[in-house]
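Q: need a 3D model of the following:
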Amino acid sequence: MIIEITQAIIDQYLRDPPLKRLEICDTIVRRFIASFNANGKGPATWYYRFDGPDGKTAYERLGTTDTLKVQPARLQAMMARERIAKGEFPADKSGDLAKKPKAEELTFAKFFEAHYYPFVVPRKRSHIRDKQLAVRVIKAMGNTKLSEISRLTLSNFHRSLLEEDKLAPSHCDGHIRFIKHALQLAVDWSMLEKNVASRFPLFNVDNRSNDFLTEAELQRFVQTVQASENKVISNLIMYMLATGMRLTEAMTLRYSEVNLETRTISIPARKSKSRRLKTIPISDVAVQAIQSQSARRGDSEFVWVNPKTGDRYKNINKAFDVLRKKANLPTFKIHGLRERSRPIWRTNQCP
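A: The predicted model follows:
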């Protein structure tokens, strides 16, 4: 039971004791507890609950209701909270004070598993990517204590990713950004004094490509797409050209998000990069692509369904590369389909 503990409530339960053991948790001082024994056997006992040095839940006994009223017991709980926050834990059975292990003694691997990843899972949509980046980081410095990670350690690791693992410079920088975020959380949680990855020099290679297509290239690409035997991929690409939607937003499109009467598409906040509900109008080109899929609609709720698996497409990179090469566009990328300098595709015209 979680309520504000008052003397009237304590007196009531002492007069009319519960049949089973009962704990009342205070809303004013969190973890301040009054514990009643079953059938009123003896007075109730005051406790302060805390996380012990080993991470397990423990209790500090403050006294009993026959010697301590509510307000003095609450003050005792507040004092216990302050002591424990400083790392001064109650004495164990031997009489020795338990010492709080220094957080900086955690290795990076343990910190990632016990603290970082549980924290980012409900807060960061790209947490799976963090888990992938952590594989190489933990392999290189997983047994290194947080306080022993230095700029030199990061520099050697950064260089090894480029020279030994043969990763792209941008991929190497991604690992450092992940480490920087992890160490910054350790600083915020008072586990470290400073973030050694702060202002770390990255490669910062400009790997952007020019996805602008001339009118002739655009028409050649469209003709290649429309001539493809894979009509699902063909319709999906034409739909992306017509709407400018991101690949993930397009591949996860459901029929319930399509309104052909109003000619609009609704993108839920959970799918939108901006985390906001978006409603966008669609042209005849997009409507035709969706209607073409509706004609072969199965049991799936998704529009763009892989006929081999019966589920939505998870990746179309290989199929896109085939079409790109056939159209002789060696540098054109999927993200280029979002080129907003092509308003013609969001109209009813088509090359």
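Q: report the central residue of the chain.
A: The centre of the chain sits closest to Lys124, judged by C-alpha atoms, centre = their mean, with a distance of 2.4 Å.
Q: now Cys25: phi and psi?
A: phi -100, psi 130 (degrees, to the nearest 10).
Q: okay, and the beta partners of it?
A: Listed beta-bridge partners, Cys25: Ile2, Ile33 (assigned using DSSP bridges).
Q: wait, it sits on Trp46?
A: No - using C-beta atoms under 8 Å, Cys25 is not in contact with Trp46, being 11.9 Å away. (Each C-beta comes from the backbone N, C-alpha and C, glycine too.)
Q: mind listing the shared neighbours of these two?
A: Shared contacts of Cys25 and Trp46 (C-beta atoms under 8 Å, 6 or more residues apart in numbering): Phe32, Ile33.
Q: higher neighbour count, these two?
A: Set side by side, Cys25 and Trp46 show more neighbours around Trp46, with 27 against 16, by other C-beta atoms under 10 Å.
Q: quickly note the distance from the more buried one to Val305.
A: 62 Å (C-beta to C-beta, to the nearest Å).
Q: next one: Arg275
A: 26 Å.
Q: in contact with Phe32, which residues?
A: Ile5, Cys25, Asp26, Trp46, Tyr47, Tyr48, Ala73, Arg74, Ala77.
Q: ok, 7 Å please
A: Phe32 makes contact with Asp26, Tyr48, Arg74, Ala77 under the criterion C-beta atoms under 7 Å, 6 or more residues apart in numbering.
Q: next up, phi/psi of the second one, please.
A: Taking degrees, to the nearest 10, you get phi -120, psi 120 for the backbone angles of Tyr48.
Q: list the beta-bridge partners for it.
A: The partner residues for Tyr48, given DSSP bridges, come to Phe32, Glu60.
Q: what residues sit buried inside the host helix or strand of Val222?
A: Using DSSP states H and E, Val222 sits in helix 215-226. The neighbour-count check on helix 215-226 (16 or more other C-beta atoms under 10 Å) flags Leu218, Arg220, Phe221, Val222, Thr224, Val225 as buried.
Q: can you give me the helices in the chain?
A: 7-15, 70-85, 108-111, 117-120, 127-141, 151-163, 169-188, 215-226, 231-243, 247-251, 284-294, 317-326 (DSSP state H).
Q: any chance of those in JSON lines, plus mean pLDDT and distance to Lys194?
A: Shown next, in JSON lines, are the helices of the chain (pLDDT from 0 to 100; distance: least, C-beta to C-beta, whole Å):
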{"stretch": "helix 7-15", "mean pLDDT": "90", "distance to Lys194": "48"}
{"stretch": "helix 70-85", "mean pLDDT": "90", "distance to Lys194": "22"}
{"stretch": "helix 108-111", "mean pLDDT": "94", "distance to Lys194": "16"}
{"stretch": "helix 117-120", "mean pLDDT": "94", "distance to Lys194": "20"}
{"stretch": "helix 127-141", "mean pLDDT": "96", "distance to Lys194": "17"}
{"stretch": "helix 151-163", "mean pLDDT": "96", "distance to Lys194": "11"}
{"stretch": "helix 169-188", "mean pLDDT": "95", "distance to Lys194": "7"}
{"stretch": "helix 215-226", "mean pLDDT": "92", "distance to Lys194": "51"}
{"stretch": "helix 231-243", "mean pLDDT": "93", "distance to Lys194": "45"}
{"stretch": "helix 247-251", "mean pLDDT": "90", "distance to Lys194": "37"}
{"stretch": "helix 284-294", "mean pLDDT": "91", "distance to Lys194": "52"}
{"stretch": "helix 317-326", "mean pLDDT": "94", "distance to Lys194": "41"}
